[in-house]
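Student: Predicted structure and sequence below. I'll ask about it afterward.
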Amino acid sequence: MSRFTSLSAAAALAVALAAPLAARSGEPSAGWKAVSIEDLKKQDEWRRTSPTAFAKVSLDMNGDGLKDEATLVVDRARHHSGLRVCFGKKDPNSPSQCHILVDDNLEDGYDIMGLDVRAPGCHLYNTVNDLVDASGKVCSRAQALEYFRVGSASSFFLYDQKTGRFNRYWDSD
């Protein structure tokens with residue numbers, strides 16, 4: 001059974017035709033560094049409720065039973081911030097398989113963004129992969145990664161094992 005069910009025909013077509021999200025594979029040392037959780041906690045009241053300041057979460061995005069790690073990151077040389085997901089690995093000596101899911105050209109863009117985990121299940125969305133008029137409902141047995149701005153934008157990512165890509169679903173502006 002497909003990881004994604006209950007998509008309307010139009011939304012399914014939109015997902016199939018959409019270009020995969022820009023995802024870079026490789027080690028985190030390629031210029032991207034995790035943001036300071038302690039600095040974020042000092043800066044924002046809403047972050048103090050989380051031990052990781054909503055800047056780092058563990059979840060199983062690809063359904064392999066291993067914990068993957070999602071982190072807010074910054075590339076100071078390029079003045080960019082973003083979101084990195086590294087898949088869990090059975091062998092600690094094997095190379096990490098990491099992907100940059102969001103690459104914003106604002107060095108401090110992470111200041112306003114947060115991460116959380118959504119339970120497996122069905123989720124409504126307004127847009128998928130930035131396609132207009134692609135609203136619907138997506139269901140997944142895997143956890144979803146929520147990427148949000150308090151009081152504003154909220155989206156979540158699901159990993160599609162069939163295509164090997166991450167799809168971004170917007171459920172707010």
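Tutor: On my side now, so go ahead. Treat the numbers as computed from the prediction; the structure is a model and nothing was measured.

Student: ok, which stretches of the chain are strands?
Tutor: For the chain, applying DSSP state E gives strands covering 33-34, 56-59, 68-75, 80-87, 97-104, 113-118, 121-125, 127-128, 136-140, 144-149, 154-160, 165-170.

Student: Output the ones you listed in CSV, with mean pLDDT, distance to Leu40 and mean neighbour count appended to each entry.
Tutor: From N, CA and C alone the C-beta is placed, and that goes for glycine too. Supplementary listing: the strands of the chain in CSV, determined by pLDDT from 0 to 100; distance: least, CB to CB, whole Å; neighbours: other CB atoms under 10 Å:
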stretch, mean pLDDT, distance to Leu40, mean neighbour count
strand 33-34, 93, 11, 14
strand 56-59, 97, 10, 19
strand 68-75, 96, 8, 22
strand 80-87, 94, 12, 22
strand 97-104, 92, 16, 20
strand 113-118, 96, 9, 19
strand 121-125, 94, 26, 14
strand 127-128, 90, 28, 22
strand 136-140, 93, 28, 19
strand 144-149, 94, 14, 20
strand 154-160, 94, 18, 21
strand 165-170, 94, 23, 20
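
Student: Ser50: which of these is closest?
Tutor: strand 113-118 (8.1 Å; CB to CB).

Student: ok, and the closest non-adjacent residue to Gly31?
Tutor: Counting by CB to CB, 6 or more residues apart in numbering, Asp75 is the residue found nearest to Gly31 once chain neighbours are left out, at 4.5 Å.
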